[in-house]
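Peer 1: this one's sequence-less:
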């Protein structure tokens, strides 16, 4: 399983996701452009020293990412109709997280194999991207029996 971040905008969120990835042993793909300098202090502070332990691959754009990442692409979206609790993850899935402010463009959405949402209380817009990534990644790893044993 992998995490892919589509043109992330907030360094602190990316840092938190890198820390999550390190703790769960999952690689991260970052699809440029980012909305911040990758050397940003907020990225370092939120990722702490965990970021150095993550397998990070940067991609120049969407086409570069799609040309080399194998497996199913599962978009996590507050607009999806399929709920995470009834979705069946498989080993090799890549969880795609959109931009904090805009999600993903329609062309990116259309190229995904599935779109899944995390249920939440009525009237609320969305989870923080790092929180949503944690929920989705844990569920995917749990279903595929790939959680760390420690």
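Peer 2: Looks like it arrived, so ask away. Not measured: the values here are computed from a predicted model. Numbering: from 1, shown residues only.
Peer 1: in this protein, which spans are strands?
Peer 2: Using DSSP state E, the strands found in the chain span residues 2-6, 28-31, 56-59, 73-76, 82-83, 94-97, 114-117.
Peer 1: Quick check: which ranges of this structure have low pLDDT?
Peer 2: 38-48 (pLDDT under 70).
Peer 1: Run through the residues that contact the closest residue to residue 2 other than its chain neighbours.
Peer 2: Nearest residue to residue 2, sequence neighbours excluded (CB to CB, 6 or more residues apart in numbering): residue 94, at 4.3 Å. C-betas here are computed from N, CA, C, even on glycine. Taking CB atoms under 8 Å, 6 or more residues apart in numbering as the definition of contact, the neighbours of residue 94 are 1-4, 29, 69, 71-74.
Peer 1: Let's have the residues you listed in JSON lines, adding neighbour count.
Peer 2: As requested, the contacts of residue 94 are arranged in JSON lines below (neighbours: other CB atoms under 10 Å):
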{"residue": "1", "neighbour count": "22"}
{"residue": "2", "neighbour count": "21"}
{"residue": "3", "neighbour count": "24"}
{"residue": "4", "neighbour count": "22"}
{"residue": "29", "neighbour count": "19"}
{"residue": "69", "neighbour count": "18"}
{"residue": "71", "neighbour count": "13"}
{"residue": "72", "neighbour count": "14"}
{"residue": "73", "neighbour count": "20"}
{"residue": "74", "neighbour count": "25"}
